[in-house]
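Novice: how does the following fold in three dimensions:
(one chain, ligands or ions: 1)
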Amino acid sequence: MLRKSGSWSYNLPGISELRLDASPVLGVQKETWLTLSPDSNMVSASRRDLMPRTLEGQITMEKTPSYFVTREAPARISAMSKDTKLIVVVRDPVTRAISDYTQTLSKRPDIPSFESLTFRNRSAGLIDTSWSAIQIGLYAKHLEPWLRHFPLGQMLFVSGERLVSDPAGELRRVQDFLGLKRIITDKHFYFNQTKGFPCLKKAEGSGKPHCLGKTKGRAHPAIAREVLRQLRDFYRPFNRKFYQMTGRDFGWDG
Ligand SMILES: Nc1ncnc2c1ncn2[C@@H]1O[C@H](COP(=O)(O)OS(=O)(=O)O)[C@@H](OP(=O)(O)O)[C@H]1O
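Specialist: Model (predicted):
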C-alpha cells in the first residue's frame, strides 16, 4: 500500500477540481479531497476547512494511506457514509517495507540498517512485527476490520506492481469501479527510461510530459538475500490469506 497522505496533483482529463482539506473523518490535517466532474476539463485547487460538498455529477476522493491501518477508520468512515467506495493500493509487503525504510533513511540518514530493524532476534530469525515498516505489510490483518463495516464489492485492491507495468490497465479497473467513463488509456502514458517508471505524456494545463517527483521511485538499498528470504517466508501466510479475502492473487509469492 502507499505510505502517506498528501496532495495528489495528477492533472487528468475529467478532473475539474482538486481540493486539499482538513479531514472530518479522523481530524488529521492536510488531507486530500479530489472532486471529479466527468463533464469538465477545468482544474482548480483550493484549501478549505470542511469536506467539500459533492455536487451532482461529481465524485469526491480522499487519499490517506494510513487509514487502512488505523483501527478507528472503518467505523468512522462508515458512520460518515456507508456508500463510500474504498481503493487500496498494495504492493509486495517486502518491497513495501524496504521502500518505507528508504523514505525514512532519506530524512534520517543515521538510522540503523534495514536488517537490524527487521529482527527482534536475528539468529533466531524472529521478525520485529512492532516495526511499522513490517507491521503495515500484514494486509490480511488490516483488512479484517474493514470487512466488518464494508462489503467486499465496495473495495478495490489495486496492484502497485501492475500500476508500474500496466498503469492504464490498473486505471481501467479504477475507472470502472468508480463508474467513470474510460478516459485514461494507454495513450496517456509513456515509459521514461531515466525515471524507470511510466509517466504522463501530457500533463493537463502545461501539455508537457510529467513524471512523479524525486521522492517517488527512489533507489532502494541492497538487502541481504537471506533477510529477503526470511521476510518472504514470514509474509507468505498473510499474503495467501489476503489473496483469499480479496479474491485476487497479487503474485508476490510466485
Ligand atoms: N509512475 C510512477 N513513478 C514513480 N513511482 C511510482 C510510479 N508508479 C508507482 N510508483 C511507486 O510509488 C511509490 C511511492 O508511492 P507512495 O505513495 O508510497 O509515496 S509516498 O509515500 O507518498 O511518498 C514508489 O515507491 P519507491 O520506488 O519505493 O519509492 C514507486 O515504486
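Novice: how about the residues of the stretch 101-250 of the chain that lie near the ligand?
Specialist: Along the stretch 101-250 of the chain, the residues adjacent to the ligand under the rule CB under 6 Å from any ligand atom are 102, 103, 163, 164, 197, 198, 212, 215, 216, 217, 218. Backbone N, C-alpha and C define where each C-beta goes, glycine included.
Novice: with respect to residue 234, which of these is nearest?
Specialist: For those, the closest approach to residue 234 (CB to CB) belongs to residue 102, at 19.5 Å.
Novice: so who does that closest one touch?
Specialist: Applying CB atoms under 8 Å, 6 or more residues apart in numbering, one finds that residue 102 lies in contact with 218, 219, 220, 221.
Novice: part of a helix, is it?
Specialist: Yes: under DSSP: H, G, I helix; E, B strand; the rest coil, residue 102 falls within a helix.
Novice: report pLDDT for it.
Specialist: Looking at residue 102, its pLDDT reads 98.
Novice: same check on the one 3 residues further on?
Specialist: Per-residue confidence for residue 105 comes out at a pLDDT of 98.
Novice: and if you look at residue 47?
Specialist: Model confidence at residue 47, given as pLDDT, is 42.
Novice: cool, and residue 62?
Specialist: For residue 62, the model assigns a pLDDT of 89.
Novice: my guess is residue 157 contacts residue 249, does it?
Specialist: No: counting by CB atoms under 8 Å, residue 249 is not a contact partner of residue 157; they are 11.0 Å apart.
Novice: could you check which of these two is surrounded by more residues?
Specialist: Between residue 157 and residue 249, residue 157 has the larger neighbour count (other CB atoms under 10 Å), namely 21 against 14.
Novice: in this protein, where is pLDDT below threshold?
Specialist: 1-51 (pLDDT under 70).
Novice: now do the strands in it.
Specialist: For the chain, the strands defined by DSSP state E occupy 15-21, 31-36, 44-48, 59-62, 86-90, 119-121, 126-127, 155-159, 189-192, 197-200.
Novice: contacting residues around stretch 92-99?
Specialist: With CB under 8 Å, 6+ apart as the test, stretch 92-99 has contacts from 1, 3, 90-91, 114, 118, 133-134, 136-139, 160-161, 218, 220-221, 223, 228, 231-232, 235, 238-239, 250, 252.
Novice: just give me how far that stretch sits from the chain centre.
Specialist: In terms of CA atoms, centre = their mean, to the nearest Å, the centre of stretch 92-99 is set 13 Å apart from its chain centre.
Novice: that stretch near the ligand at all?
Specialist: Yes: interface with the ligand: stretch 92-99 contributes residue 99 (CB under 6 Å from any ligand atom).
Novice: now that stretch: buried residues?
Specialist: For stretch 92-99, burial by neighbour count (16 or more other CB atoms under 10 Å) applies to 92, 93, 94, 95, 96, 97, 98, 99.
Novice: ok, now how distant is the second one from residue 194?
Specialist: Pointing back at residue 93 there. Applying CB to CB, to the nearest Å, the value for residue 93 to residue 194 is 28 Å.
Novice: ok, the fifth one next?
Specialist: From residue 96 across to residue 194, the span is 24 Å (CB to CB).
Novice: just list the residues touching the closest residue to residue 236 other than its chain neighbours, thanks.
Specialist: Nearest residue to residue 236, sequence neighbours excluded (CB to CB, 6 or more residues apart in numbering): residue 253, at 5.4 Å. Contacts here follow CB under 8 Å, 6+ apart; on that basis residue 253 touches 232, 236, 239, 240.
Novice: now intersect those residues with the helices, please.
Specialist: Under the assignment DSSP state H, the contacts of residue 253 contribute 232, 236, 239, 240 to helices.
Novice: please report how far the residue with the largest distance to the centre of the chain lies from residue 237.
Specialist: Most distant from the centre of the chain: residue 123, at 33.4 Å, with distances by CA atoms, centre = their mean. Applying CB to CB, the value for residue 123 to residue 237 is 22 Å.
Novice: ok, now residue 103?
Specialist: Counting by CB to CB, the separation of residue 103 from residue 237 is 27 Å.
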